[in-house]
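Enquirer: starting from these lines, generate the structure:
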Amino acid sequence: MSAHAQREAAEIREQWLGRALSTLPADRPAAEAAISSLYDLIGLPPPRFHWAASPLTALATVPPGLGRAESLERVAEWPLPPRLIALRNELRRGLDAKVRGLQQPLDQLIRRTVQSPLLTSTGACLLQPLQRAHTGEFSWSNRWYESQLVPWIAHYDALRRVAGVVFTAEQLRQWELWATVAASCHWWWPAEHVCVVSERPVALHTEVSGDEGQVRLHHADGPALRYADGWALHSWHGTRVPAWVIAGPTAERIAAETNVEVRRCAIERLGWPEYVEQAGLRLVGTAPDPGNPGSELRLYDMRRETKVLVAVNGSVERDGRRRRYGLTVPGHFTDPLAAAGWTYGLSAEQYSRLLRRT
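Expert: Reported below is the predicted structural model:
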């Protein structure tokens with residue numbers, strides 16, 4: 001297994017991640033031609049295409065040719081998606097049969113470097129917003145949506161280009177159809193006479209969140225994801241949050257928020273020093289952090305029988321800074337060292353002997 005194969009696999013992963021998260025206008029002719037060819041492979045004529053500005057708009061409309069009982073929310077129950085999934089699965093079985101003789105380390109390299117990171121990234125950046133667009137029940141295991149994500153497409157692309165797996169002409173043609181759709185548009189919902197297709201977002205902001213190039217939605221200055229029709233989602237380091245968390249967090253709004261994760265994100269967005277000042281938290285005590293030399297532990301009264309320990313992360317963030325964070329601890333603590341030790345299951349004396357916390 002060579003360093004060249006590692007680099008080539010990583011390049012393929014980045015190519016497909018860029019296509020999956022593209023904010024360029026959809027290539028409508030390419031998408032329609034490829035989808036029409038997939039219809040042909042299951043014995044159906046080309047559909048009429050109905051384009052929507054976003055998944056939210058797509059799911060909220062009933063285009064001509066689609067009965068009102070055929071809600072896009074229930075696409076998994078439509079007759080065509082299972083037929084198209086079966087077509088894809090047949091392709092995958094044929095390609096997997098060619099891979100069985102492949103060197104195991106190379107196969108593992110491609111799965112680790114290409115498929116797995118793309119599953120994480122597309123799930124975080126594309127499936128989460130799709131879940132938000134659905135008003136009804138949404139299943140993360142929906143095979144129709146999974147078939148549209150690029151990880152499986154990129155996996156076979158890497159097997160072809162890095163491992164030298166040879167496709168038959170028919171296998172290559174069908175793989176290219178799925179690849180073209182994934183690289184040309186956003187989500188799509190196939191019915192017998194009409195196919196609903198969503199445009200891509202016009203803005204999508206991410207941050208790196210893993211060692212293999214995984215990304216998640218994040219934007220500190222506005223929506224992390226925005227479509228041309230105005231539908232937008234805000235995200236703070238991968239956690240979906242209301243717009244006020246990004247645009248105008250205040251201690252008052254944070255106190256009124258019932259979701260613990262949203263409160264945490266809002267405090268981080270506001271900043272702990274500003275939050276402490278706005279909320280009027282009373283300082284109980286301070287101490288040098290023995291687990292993080294050069295940093296200080298600060299213990300505050302928060303509410304009722306709760307205190308908050310404000311500390312500095314022992315690890316450097318990707319931007320070179322050390323993140324300040326707060327941990328709630330029982331209200332009986334008055335010593336920051338004892339409170340810090342409690343978060344690790346240690347006594348104050350044991351925590352004071354730590355060399356470095358990460």
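Enquirer: okay, strands next: where are they in the stretch 251-358 of the chain?
Expert: Secondary structure of the stretch 251-358 of the chain by DSSP state E, counting those that start in this stretch: the strands cover 283-288, 296-303, 306-312, 324-330.
Enquirer: okay, these, which one's buried deepest?
Expert: Among the strands of the stretch 251-358 of the chain, strand 306-312 has the highest mean neighbour count (mean count of other C-beta atoms under 10 Å), at a mean of 21. Backbone N, C-alpha and C define where each C-beta goes, glycine included.
Enquirer: so which elements touch it?
Expert: Judged by 3 or more C-beta pairs under 8 Å, 6 or more residues apart in numbering; DSSP states H and E, the packing partners of strand 306-312 are strand 296-303, strand 324-330, helix 336-343.
Enquirer: and the second one with helix 336-343, angle?
Expert: I take that to be strand 324-330. Between the axes of strand 324-330 and helix 336-343, defined by axes from the mean of the first three to the mean of the last three C-alpha atoms, to 10 degrees, the angle is 80 degrees.
Enquirer: swap in the first one?
Expert: Strand 296-303 and helix 336-343 are oriented at 80 degrees to each other (the same axes, to 10 degrees).
Enquirer: returning to what we had before: which one of the strands of the stretch 251-358 of the chain lies closest to residue 91?
Expert: Comparison of the strands of the stretch 251-358 of the chain against residue 91 by C-beta to C-beta identifies strand 324-330 as nearest, at 46.8 Å.
Enquirer: now the closest one, how far from the chain's geometric center?
Expert: Centroid separation for strand 324-330 versus its chain: 26 Å, with C-alpha atoms, centre = their mean, to the nearest Å.
Enquirer: biggest helix in the chain, by residue count?
Expert: helix 80-99 (DSSP state H).
Enquirer: how about the most centrally placed residue in the chain, what does it touch?
Expert: What sits nearest the mean C-alpha location of the chain, by C-alpha atoms, centre = their mean, is residue 124, with 1.1 Å. Applying C-beta atoms under 8 Å, 6 or more residues apart in numbering to residue 124 gives the contacts 209, 214-217, 238.
Enquirer: same thing with residue 282?
Expert: Contacts of residue 282 (C-beta under 8 Å, 6+ apart): 300-301.
Enquirer: and the gap between it and residue 255?
Expert: 15 Å (C-beta to C-beta, to the nearest Å).
Enquirer: now the protein, which segments are flagged as low pLDDT?
Expert: 1, 67-69, 101-103, 140-141, 304, 316-321, 354-358 (pLDDT under 70).
Enquirer: domains of it?
Expert: 3-203, 281-352 (automatic domain parsing).
Enquirer: returning to what we had before: next, the buried residues of the longest helix of the chain.
Expert: 80-81, 83-84, 87-88, 91-92, 95, 98 (16 or more other C-beta atoms under 10 Å).
Enquirer: quick check, nearest of these to residue 229?
Expert: Closest to residue 229, out of all of the buried residues of helix 80-99 and judged by C-beta to C-beta, is residue 81, at 24.7 Å.
Enquirer: shouldn't that closest one be in contact with residue 148?
Expert: No - the criterion here is C-beta atoms under 8 Å, and residue 81 misses it with residue 148 at 10.0 Å.
Enquirer: re the thing from before, which elements pack onto the longest helix of the chain?
Expert: Going by 3+ C-beta pairs under 8 Å, 6+ apart, helix 80-99 lies up against helix 28-41, helix 143-148, helix 151-161, helix 169-184, strand 188-190.
Enquirer: how about 7 Å then?
Expert: Applying 3 or more C-beta pairs under 7 Å, 6 or more residues apart in numbering; DSSP states H and E, we find helix 80-99 packed against helix 143-148, helix 151-161, helix 169-184, strand 188-190.
Enquirer: the shortest one pairs with which strands, parallel or anti?
Expert: By that I understand strand 188-190. Strand pairing for strand 188-190, determined by DSSP bridges: strand 194-198 (antiparallel).
Enquirer: what's in contact with the partner strand?
Expert: Here strand 194-198 makes contact (C-beta atoms under 7 Å, 6 or more residues apart in numbering) with 31, 35, 47-52, 54-55, 58, 63, 65-66, 72, 185-189.
Enquirer: would you mind checking the residues you listed for buried ones?
Expert: Buried, going by 16+ other C-beta under 10 Å: 31, 35, 47, 49-52, 54-55, 58, 63, 66, 72, 185-189, out of the contacts of strand 194-198.
Enquirer: ok, back up a step: gap between the residue nearest to the centre of the chain and residue 12?
Expert: 20 Å.
Enquirer: over to residue 133?
Expert: Noted for residue 133: a distance of 29 Å to residue 12, by C-beta to C-beta.
Enquirer: possible to save the domains of the chain as TSV with distance to residue 224?
Expert: Converted to TSV, the domains of the chain look like this (distance: least, C-beta to C-beta, whole Å):
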stretch	distance to residue 224
domain 3-203	8
domain 281-352	17
